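Chemist: Test case, fold it:
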Amino acid sequence: MNKHDQLNTIKEDFINCQKVLLAIGDETRQSILLVLMGTDCQTGLRVGEITRQTHLSRPAVSHHLRILRDAGVILMRKEGTKNFYFIDIRTKLGLLKDLVKHIEELMQKFY
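Modeler: Below you'll find the model as predicted:
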């Protein structure tokens, strides 16, 4: 693949990652992600549990969870009336890995 093709691939990667980058760029959402990553619970956390650990209001947590879900960064599992939020390796976070890989390949090959 030539440099022009690689740059086009990286451009497409950036476009595909825009929602993810915006979602994880916020400090509050980063703290929510850290809580989700740091839990021993494999089934996910409920809004109340996230609220307690982040010291954010319940509406704020719900708002940020919605943004993270819409961006494909986290997933939600429903059990009756309860919603459990979790990070899965198959989420859109994998797009970031591809973006970084393509940038590294370009930098190693041409610079």
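Chemist: What lies in contact with stretch 102-111?
Modeler: Lys3, Gln6, Leu7, Thr9, Ile10, Asp13 (Cβ atoms under 8 Å, 6 or more residues apart in numbering). For glycine as for every other residue, the C-beta is placed from the backbone atoms N, C-alpha and C.
Chemist: 7 Å instead, please
Modeler: Lys3, Gln6, Thr9, Ile10, Asp13 (Cβ atoms under 7 Å, 6 or more residues apart in numbering).
Chemist: and the one helix or strand in the chain whose mean pLDDT sits lowest, C-alpha only, in PDB?
Modeler: For the chain, using mean pLDDT, DSSP states H and E, the weakest element among its helices and strands is helix 93-110, scoring a mean of 90. What follows is helix 93-110, C-alpha atoms only, in PDB (Å, rounded to 0.1, in the frame of the first residue of the first chain):
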ATOM      1  CA  LEU A  93     -13.100   0.900  21.200                       C
ATOM      2  CA  GLY A  94     -11.500  -1.600  18.800                       C
ATOM      3  CA  LEU A  95     -11.700   1.100  16.100                       C
ATOM      4  CA  LEU A  96      -9.100   3.100  18.000                       C
ATOM      5  CA  LYS A  97      -6.800   0.100  18.000                       C
ATOM      6  CA  ASP A  98      -7.000   0.000  14.200                       C
ATOM      7  CA  LEU A  99      -6.500   3.800  13.900                       C
ATOM      8  CA  VAL A 100      -3.300   3.600  16.000                       C
ATOM      9  CA  LYS A 101      -2.100   0.600  14.200                       C
ATOM     10  CA  HIS A 102      -2.500   2.300  10.800                       C
ATOM     11  CA  ILE A 103      -0.700   5.400  12.000                       C
ATOM     12  CA  GLU A 104       2.200   3.300  13.400                       C
ATOM     13  CA  GLU A 105       2.500   1.500  10.100                       C
ATOM     14  CA  LEU A 106       2.600   4.700   8.100                       C
ATOM     15  CA  MET A 107       5.200   6.300  10.500                       C
ATOM     16  CA  GLN A 108       7.400   3.200  10.400                       C
ATOM     17  CA  LYS A 109       7.300   2.800   6.600                       C
ATOM     18  CA  PHE A 110       7.700   6.400   5.500                       C
END
